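**Student:** Got a predicted structure plus its sequence, pasted below:
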Amino acid sequence: MSTGKKVILIILLTTISFLVISNDSQAQDKLEPTITVRILETTDLHANMLAYDYKNRKGTVEFGLARTASLIKDARREQPNTLLFDVGDALVGNALGEYVSKSPMMIMDTHPVYSVMNTLHYDAATLGNHEFNYGLNFLIRSLRGADFPYVNANIYVDDHNKYDADDLNYFNPYTIVEKEFLDSTGKKHQIKVGVIGFITPIAAEWDKEAFYGKLKIKNIKETAEYFVPIMKSKGADIIVALAHTGMESDMGLKQKKGNSVYALSKVKGIDAILYGHTHSLFPSKDRFTNKEGMNLEAGTIHGTATVQAGYWGNHLGIIDLKLVRENKGWDVVNSHSYVKSIFRTVNDKKIPVVPSDRLIEKMMEGYHREVLGYMKRKN
């Protein structure tokens, strides 16, 4: 080949390479940026702030929000676009919860459970049935100490008539949290996250003193179908449901239909369900097999990302949502739900996966001494 032909060939190859790179770059430019949002869940903490077993009066590696906090911080380091929610039964269930309910400290001080949760910067929470065990006055007084919103959509003031149209919610039914998230190109976006809460209706039967003649609880699915379109109309890009109810409705409910996570998963417009109450795990192949609409690999029910994080802080629930821009808003195009344990079992021995958070331990030091003293006096 002559020198002239070689030069022409080099020029042609260079031109072709430039065109390929240019076209590839233009194709990349046409791809819509994506946002990955990580949603974290705790549930059924039952006042277990420390890695301490008050019943057996010894330390433990099996539960305690102080240890879950390390998982939360790890998850946030992995993914900066993060939201943290609690799904109820946070205040009642151990000696700490009992001590606080009987202590005059609550007149002025923040409930120690909320002191810890405030430190972890929760974005929102909902109520569990046990929140009502010590009465409405104690609950409302306690809630004032939470630096994050509480939502519940299906508890209403009992107005003693049969008309639904004039019923008033007792709590804020939902909130819309605005967060600044980074997309796949590093650009910042304001995303509006609608958060709505629900509670199992049997709570009104279990705590009659708090509910009878004062409050009533409506059907979960029907309530969701009413409020979700309203949240969308208020600009919610994605909607997260916090449901303190089981996969199936509670035994003993007069109206079981619609009062379960399985029913809630069929409501159009909900992008993620975080649930609790039954102290179980989801997704879990040990518990759920071949139930219609479930995808245990992805952690979805009828296509809706769903997670349940056990109890007492023994697991952290995680949902990763992938969002793409659609018209003027954002749509969920993919999701993955899973749970992480704070310990693992090796040769029948429980080994901690993460350390207990030292800041939380320090915060709870004084309360812990008081609780131990209270237990000695009680016995």
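**Tutor:** Happy to help now that I have it. As the structure is a prediction and not an experimental result, all values here were calculated from the model.
**Student:** which stretches of the stretch 1-150 of the chain have low pLDDT?
**Tutor:** 1-31, 105-107 (pLDDT under 70).
**Student:** what ranges do the helices span in it?
**Tutor:** 3-30, 65-78, 95-102, 112-119, 136-143 (DSSP state H, counting those that start in this stretch).
**Student:** And the second one, what does it pack against?
**Tutor:** Think helix 65-78. For helix 65-78, the elements it packs on are strand 34-42, strand 82-86, helix 112-119, strand 315-326, helix 358-378, judged by 3 or more C-beta pairs under 8 Å, 6 or more residues apart in numbering; DSSP states H and E. Using the backbone N, CA and C atoms, a C-beta is placed for each residue, glycine as well.
**Student:** Serialize the ones you listed to TSV and add fields for distance to Ser70 and mean neighbour count.
**Tutor:** TSV is the format used below for these (distance: least, C-beta to C-beta, whole Å; neighbours: other C-beta atoms under 10 Å):
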stretch	distance to Ser70	mean neighbour count
strand 34-42	13	23
strand 82-86	14	24
helix 112-119	13	21
strand 315-326	9	21
helix 358-378	10	15
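**Student:** Tell me which of the ones you listed sits nearest to Ala165.
**Tutor:** Among the helices and strands packed on helix 65-78, the nearest to Ala165 by C-beta to C-beta is strand 82-86 (30.7 Å).
**Student:** quick revisit: which one of the helices and strands packed on helix 65-78 lies nearest to Arg76?
**Tutor:** strand 82-86 (4.9 Å).
**Student:** Give me the distance from that closest one to the chain's centre.
**Tutor:** Centre-to-centre, strand 82-86 and its host chain are 5 Å apart (C-alpha atoms, centre = their mean, to the nearest Å).
**Student:** Quickly run through the sheet partners of it, with directions.
**Tutor:** strand 34-42 (parallel), strand 124-125 (parallel) (DSSP bridges).
**Student:** what residues does the longest one touch?
**Tutor:** Yep, that's strand 34-42 we're talking about. 65, 68, 72, 75-76, 78-79, 81-87, 181-184, 189, 191, 193, 238, 240, 272, 274, 307-309, 313, 316-324, 330, 333 (C-beta atoms under 8 Å, 6 or more residues apart in numbering).
**Student:** Now do that strand and helix 112-119, the angle between them.
**Tutor:** Here strand 34-42 runs at an angle of 160 degrees relative to helix 112-119 (axes from the mean of the first three to the mean of the last three C-alpha atoms, to 10 degrees).
**Student:** State the separation between strand 34-42 and the centre of the chain it belongs to.
**Tutor:** Distance of strand 34-42 from the chain centroid (C-alpha atoms, centre = their mean) equals 10 Å.
**Student:** Then stretch 149-163?
**Tutor:** Remark: stretch 149-163 is offset 22 Å from the chain centroid, using C-alpha atoms, centre = their mean.
**Student:** Need the contact partners of that stretch.
**Tutor:** 124-127, 143, 166-175, 177, 195-199, 201, 211, 213-220, 223-224, 227, 242.
**Student:** do stretch 338-358 as well
**Tutor:** Against stretch 338-358 from outside (C-beta under 8 Å, 6+ apart): 50-51, 61-64, 66-71, 73-75, 281-284, 299, 307-310, 313-318.
**Student:** right, and the strands paired with strand 82-86 - which one's nearest Gly93?
**Tutor:** Using C-beta to C-beta, the nearest of the strands paired with strand 82-86 to Gly93 is strand 34-42, at 13.5 Å.
**Student:** Put the alpha carbons of the closest one into CSV.
**Tutor:** Extracted in CSV, the C-alpha atoms of strand 34-42 (Å, rounded to 0.1, in the frame of the first residue of the first chain):
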residue,chain,number,x,y,z
THR,A,34,-32.2,8.1,37.2
ILE,A,35,-32.5,8.5,41.0
THR,A,36,-32.0,5.7,43.5
VAL,A,37,-33.9,6.3,46.7
ARG,A,38,-33.1,4.1,49.7
ILE,A,39,-36.0,3.7,52.2
LEU,A,40,-35.1,2.4,55.7
GLU,A,41,-37.5,0.8,58.2
THR,A,42,-37.6,0.0,61.9
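**Student:** so that strand versus helix 65-78, what angle?
**Tutor:** 180 degrees.
**Student:** Tell me who's in contact with Leu168.
**Tutor:** 156-157, 159.
**Student:** Out of the residues you listed, which is nearest to Thr110?
**Tutor:** For these, the nearest to Thr110 is Val157 (26.8 Å; C-beta to C-beta).
**Student:** And the closest one, how close does it get to Lys102?
**Tutor:** Applying C-beta to C-beta, to the nearest Å, the value for Val157 to Lys102 is 28 Å.
**Student:** hang on, the earlier thing: of the contacts of stretch 338-358, just the buried ones, ChimeraX syntax please.
**Tutor:** Of these, the buried ones go into a single ChimeraX selection, burial set by 16 or more other C-beta atoms under 10 Å:
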select :50,51,61,62,63,64,66,67,68,69,70,71,75,281,282,283,299,307,308,309,310,313,314,315,316,317,318
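**Student:** contacting residues around the residue nearest to Met247 when sequence neighbours are not counted?
**Tutor:** Spatial nearest neighbour of Met247, excluding adjacent residues (C-beta to C-beta, 6 or more residues apart in numbering): Val261 at 4.9 Å. Counting by C-beta under 8 Å, 6+ apart, Val261 touches 243, 245-247, 273, 275, 301, 306.
**Student:** Need the distance between the two termini of stretch 194-207.
**Tutor:** Across stretch 194-207, the terminal residues are separated by 29 Å (C-alpha to C-alpha, to the nearest Å).
**Student:** ok, now how distant is the closest residue to Pro201 other than its chain neighbours from Asn129?
**Tutor:** Closest residue to Pro201 apart from its sequence neighbours, by C-beta to C-beta, 6+ apart: Ile217 at 4.2 Å. Going from Ile217 to Asn129 by C-beta to C-beta gives 10 Å.
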